[in-house]
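J.: Just a sequence and a predicted model for now, questions to come.
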Amino acid sequence: MADTAAVSPADAPARDFIRDAIRQDIAAGKTAGGVVTRFPPEPNGYLHIGHAKSICLNFGLAREFNGRCHLRFDDTNPAKEEQEYIDSIQADVRWLGFDWGTHLYYASDYFEQLYAWAEHLVTTGHAYVDDQTAAEIRENRGTLTEAGRPSPFRDRPAAENLDFLRRMRAGEFADGARVLRARIDMASGNINLRDPVLYRILRARHPRTGDTWYLYPTYDFAHGQSDAIEGITHSICTLEFEDHRPLYDWFLAHLPVPSQPRQIEFARLNLTHTVLSKRRLIQLVRDGHVRGWDDPRMPTISGIRRRGYPAGAIRDFCARIGVAKANSTVEIQYLEHCVREYLNAAALRRMAVLDPIKVVIENYPEGQVEELEAVNNPNDAAAGTRKVPFGRELYIERDDFMETPAPKFFRLAPGREVRLRYAYLVTCKEVVKDAAGEVTELVCTYDPASRGGNAPDGRKVKATLHWISAARGVPAEVRLYDHLFRSPDPDAGGDWLADLNPDSVKVLAGAVVEPALAEARVGEVTQFERQGYFCVDPDSTPGKPVFNRSVGLRDTWAKVQARGG
RNA sequence: UGGGGCGUAGCCAAGCGGUAAGGCAGCGGGCUUUGAUCCCGUCAUCGCAGGUUCGAAUCCUGCCGCCCCAGCCA
């Protein structure tokens, strides 16, 4: 399945408050060097669909404005970060279809410069070393309605602060013994301005800098300055950082930074029937509620990829949900729609019987096999055709037969004639059951004159079924997925884990697929006609392919059934 | 009760003073060798209340509701 398949993104150029702001900045001459954005993940977990929104936004902006987008790891907290995450994040961004060129950076690349700026703030009287414990600092920070109290060390002489800061760097003090704080305003209504911590002592091995540092900058002290160093013009982040913008700007104003980036905040993505917080995703993996970060039920990029969602569909989804500042939760059905739409154009059609029931065509010659021509994609003539073997013994879907057909059920039933796709019209003559009363076989007759699917007399049938030759079909395992959580908002009930969907995966070990599918490669997605889109899982073995259902086809019959009871 | 945001249909979202785009879902219909795709139709007066104006979702005022902030996390 080519990722280049046509999906028409909105014809009109995207329009949102961020693009408007950038256009204004360009018009005002504030972007002489071009528009530069960045995607700044912390390598403490795997990327998920929410990050995809940010990635598409940042890289998309760079593309639209002929600028560039940097990939920068926000690796300021070695206690939580790992190389595994650094690697997976790069793979995921690439898979999504974006390229940072030579612009791969790490906040840790700037540790030396950041430290120099810390000394600068100390020297200019804008920062001080605080000896208070973490508890004391918290205590003195005040509350939402009460101002904070100044630290007893707040007015320490600059020379003394500088000495302590250098000794902090030299590793003379224990973890947590002292911190460097900005001297701003302990009474500010914005708590971020109540003398925020700039550096903390932390003896942890950093994935990139190893053991060279005993102190690490906080996010606030690292982020804006890193943006400034890289010449980022627009630093786009999520709403929870809105309160940090005054601090972001404060650093840019008080330090001799090489550029003045602008921070703009947008609402992060929320999706129904899943969770998107890193903490929870980690918990799902660690506690074994899923099989790993790439479990097809996970909203992670790696999970989505294994599930068979094409990168192009994700990009389309991100473009269609838009960017705004209102908190919002997108229905997961919208994502599924985008996947279907993309795959409808791109995926080849095949036949597969998930839950087989045997059919014997009693008037079809024993031992005879015919190769019937089937279309690969009715919406794309260029996809060509293939041959599908037909024989006396076949399998059809158990759901496609009802001994006593319900109203509006127009598939196979005793005495009823239906079409076997690309093959013949067949009529059910007899129902064979086992001792338990379970239907084990259907005896049918076929109309030899209906080869290909149409009768010369022009008579119509109301249903067309997919089928597989019993002799030539290939056994397969098929995994059907449903939403990971039962309710739209797993949090609503108070205990999100209690909302886990016990039926989020259903394994069908006895499926049988057409021969052409035996050659499908891992990751390839095809449409199983009348059922959905299925992706070859890496668990596949030479004799037995394993398929993940990416998403089902729209099922009007299921809807009718549900409505009718 | 401090500070910062947000409120347009079930969901997402345009709109930037001139009389409510689009997509998803839903509903009705057409086409059909996938009950798929595709096609057509249908589906809101903009949180509330005042005010300004010839005219307001768009401006002003006051309410109401929701979200974020008191990590040496990001």
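T.: That came through fine.

J.: contacts and neighbour counts: CA atoms only from here.
T.: Will do.

J.: The host helix or strand of residue A:341 and RNA strand B in contact?
T.: Using DSSP states H and E, residue A:341 falls within helix A:332-346. Yes. Helix A:332-346 reaches RNA strand B (CA under 7 Å from any atom of the strand) through A:333, A:334, A:337, A:341, A:344.

J.: Break chain A down into its structural domains.
T.: Here the domain assignment for chain A is A:9-110+A:221-338, A:111-217, A:352-466, based on automatic domain parsing.

J.: now the end-to-end length of the second one.
T.: The one in question is domain A:111-217. 8 Å (CA to CA, to the nearest Å).

J.: how about it, does it get close to RNA strand B?
T.: Yes. For domain A:111-217, a contact with RNA strand B is found by CA under 7 Å from any atom of the strand, at A:131-135, A:137-138, A:141-146, A:175-179, A:188-192, A:196-197, A:199-201, A:217.

J.: Can I get the residues of helix A:332-346 next to RNA strand B in JSON lines including distance to residue A:419?
T.: Formatted as JSON lines, the residues of helix A:332-346 next to RNA strand B follow (distance: CA to CA, whole Å):
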{"residue": "A:333", "distance to residue A:419": "32"}
{"residue": "A:334", "distance to residue A:419": "33"}
{"residue": "A:337", "distance to residue A:419": "29"}
{"residue": "A:341", "distance to residue A:419": "27"}
{"residue": "A:344", "distance to residue A:419": "23"}
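
J.: most neighbours, which of those?
T.: Comparing those by number of neighbours (other CA atoms under 10 Å), residue A:344 comes first, having 22 neighbours.

J.: So for stretch A:369-376, what gets flagged as buried?
T.: Neighbour counts using 16 or more other CA atoms under 10 Å place A:369, A:372, A:374, A:375, A:376 of stretch A:369-376 among the buried residues.

J.: how about the helices in the stretch 251-400 of chain A?
T.: Using DSSP state H, counting those that start in this stretch, the helices of the stretch 251-400 of chain A run over A:278-286, A:301-307, A:311-321, A:332-346.

J.: what sits up against the second one?
T.: Think helix A:301-307. A:46-49, A:52, A:92, A:293-298, A:311, A:523, A:535, A:537, A:548-550 (CA atoms under 8 Å, 6 or more residues apart in numbering).

J.: buried residues in it?
T.: A:301, A:302, A:303, A:304, A:305, A:306, A:307.

J.: What residues does residue A:111 make contact with?
T.: By CA under 8 Å, 6+ apart, the contact set of residue A:111 is A:216, A:217.

J.: Let's see that with 6 Å instead.
T.: By CA atoms under 6 Å, 6 or more residues apart in numbering, residue A:111 lies in contact with nothing.

J.: Tell me the secondary structure of it, please.
T.: Recorded secondary structure, residue A:111: helix (DSSP: H, G, I helix; E, B strand; the rest coil).

J.: before we move on, what SS does the closest residue in space to residue A:218 that isn't next to it in sequence have?
T.: Leaving aside its chain neighbours, residue A:218 sits nearest to residue A:198 (5.4 Å; criterion: CA to CA, 6 or more residues apart in numbering). Per three-state DSSP, the local secondary structure of residue A:198 is strand.

J.: right, and residue A:198 touches residue A:181 too?
T.: Yes. Shown here, residue A:198 and residue A:181 form a contact pair, counting by CA atoms under 6 Å, at 5.3 Å.

J.: Can you pull the residues of the stretch 201-350 of chain A lying near RNA strand B?
T.: Residues of the stretch 201-350 of chain A lying near RNA strand B by CA under 7 Å from any atom of the strand: A:201, A:217-220, A:239-243, A:267, A:320-331, A:333-334, A:337, A:341, A:344, A:349.

J.: Of those residues, just the buried ones, PyMOL syntax please.
T.: For the buried members of those, the matching PyMOL selection, counting by 16+ other CA under 10 Å, is:
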select buried, chain A and resi 201+217+218+219+220+239+241+267+323+337+344+349
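
J.: Okay, and which of the residues of the stretch 201-350 of chain A next to RNA strand B map to strands?
T.: A:201, A:217, A:328, A:329, A:330, A:349 (DSSP state E).

J.: mind checking pLDDT for the last one?
T.: The predicted structure scores residue A:349 at 98 on the pLDDT scale.

J.: On the strand side of things, show who it bridges to.
T.: Taking DSSP bridges as the rule, residue A:349 bridges to residue A:527.

J.: Name the SS class of the residue of the stretch 401-550 of chain A found nearest RNA strand B, please.
T.: Per CA to the nearest atom of the strand, residue A:453 is where the stretch 401-550 of chain A lies closest to RNA strand B, at 3.0 Å. Put simply, residue A:453 is coil when judged by three-state DSSP.

J.: Mind checking which of the residues of domain A:111-217 next to RNA strand B are in strands?
T.: Members of the residues of domain A:111-217 next to RNA strand B lying in strands (criterion: DSSP E): A:179, A:197, A:199, A:200, A:201, A:217.

J.: Tell me how far the second one lies from residue A:132.
T.: To tie it back to what came earlier, the one meant is residue A:197. Distance from residue A:197 to residue A:132, counting by CA to CA: 12 Å.

J.: repeat for the third one
T.: Taken as CA to CA, the spacing of residue A:199 relative to residue A:132 amounts to 14 Å.

J.: Ok, the last one next?
T.: Counting by CA to CA, the gap from residue A:217 to residue A:132 is 18 Å.

J.: again, but for the fifth one
T.: Summarising the geometry, the distance separating residue A:201 from residue A:132, computed by CA to CA, is 13 Å.

J.: Doesn't residue A:415 lie inside a helix?
T.: No. Assignment of residue A:415 by three-state DSSP gives coil, placing it outside any helix.

J.: how would you label residue A:538: helix, strand or coil?
T.: Applying three-state DSSP: residue A:538 is coil.
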